[in-house]
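Undergrad: structure for this input, please:
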Amino acid sequence: MQSSNNGLGRYGEEVAARRLTEGGLRILERNWRCPDGELDIVALDGDTIAVCEVKTRSERGFQQPSEGIDETKADRLRRLAERWLAERWPVHFSRLAHVVEQTSGRGAPGEPPVDGTAGDPAPPPPGGVRIDLVAVVNRVKGAAEVEHLRGAV
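TA: Model (predicted):
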């Protein structure tokens, strides 16, 4: 049963990532792990970091995907989002700032950013951080149903 659930979960994460990308989000990381747990998908939605918890259920299951997040899980997601922001956002911010500088002509390819972001702490994302739920229902026939609930947690 566990390997079947793992396969369903991987399928749901693939479907969710594809749907998020189609919806204009930029995937920064998938399955980010630390000793405290895992974040399924971290994406950039405009200027907002969207930490996405993917919950996948079979159409024949007894529980809706949104029922898979209780208060304990929500608290863990908040802690993991804070940790990701502290550990990983500076790396992504620096890379994103470097791309912007190259496309604006302010920096040469391969050079560090000219505005000092290479050594300075990265500012928080302007749009903040939110925790989303991506609910995937694997239907018996037809395509999976996907619902992206922004700010669900």
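Undergrad: just the buried residues of stretch 89-96, please?
TA: 89, 92-94, 96 (16 or more other C-beta atoms under 10 Å). In this view, the C-beta of every residue, glycine as well, is placed from N, C-alpha and C.
Undergrad: pick out the residue nearest the middle of the protein.
TA: V42 (1.9 Å; C-alpha atoms, centre = their mean).
Undergrad: which of the buried residues of stretch 89-96 fall within strands?
TA: With strands taken from DSSP state E, there is no overlap with the buried residues of stretch 89-96.
Undergrad: now, which of these sits nearest S58?
TA: H92 (34.0 Å; C-beta to C-beta).
Undergrad: just checking, that closest one touches L28?
TA: Yes - using C-beta atoms under 8 Å, H92 is in contact with L28, at 5.3 Å.
Undergrad: list residues touching both of these two?
TA: Listed as contacting both H92 and L28 by C-beta atoms under 8 Å, 6 or more residues apart in numbering are L44.
Undergrad: pretty sure the residue nearest to the centre of the chain is touching T48, no?
TA: No - using C-beta under 8 Å, V42 is not in contact with T48; the gap is 11.4 Å.
Undergrad: quick revisit: the residue nearest to the centre of the chain belongs to a helix?
TA: No - judged by DSSP: H, G, I helix; E, B strand; the rest coil, V42 forms no part of a helix; its state is strand.
Undergrad: ok, then the element right after the worst-scoring helix or strand of the chain on mean pLDDT?
TA: Ranked by mean pLDDT, DSSP states H and E, the weakest helix or strand in the chain is helix 89-104, scoring a mean of 72. Later in the chain than helix 89-104, the nearest helix or strand by DSSP states H and E is strand 129-138.
Undergrad: helices or strands next to the very next helix or strand once past that following strand in the packing?
TA: Sequence-wise, the next helix or strand downstream of strand 129-138 (DSSP H and E) is strand 145-149. Helices and strands touching strand 145-149, by 3 or more C-beta pairs under 8 Å, 6 or more residues apart in numbering; DSSP states H and E, are helix 2-22, strand 129-138.
Undergrad: angle of strand 145-149 against helix 2-22?
TA: For strand 145-149 against helix 2-22, the angle by axes from the mean of the first three to the mean of the last three C-alpha atoms, to 10 degrees is 60 degrees.
Undergrad: got the buried residues for strand 145-149?
TA: Within strand 145-149, the residues that count as buried by 16+ other C-beta under 10 Å are 146, 148-149.
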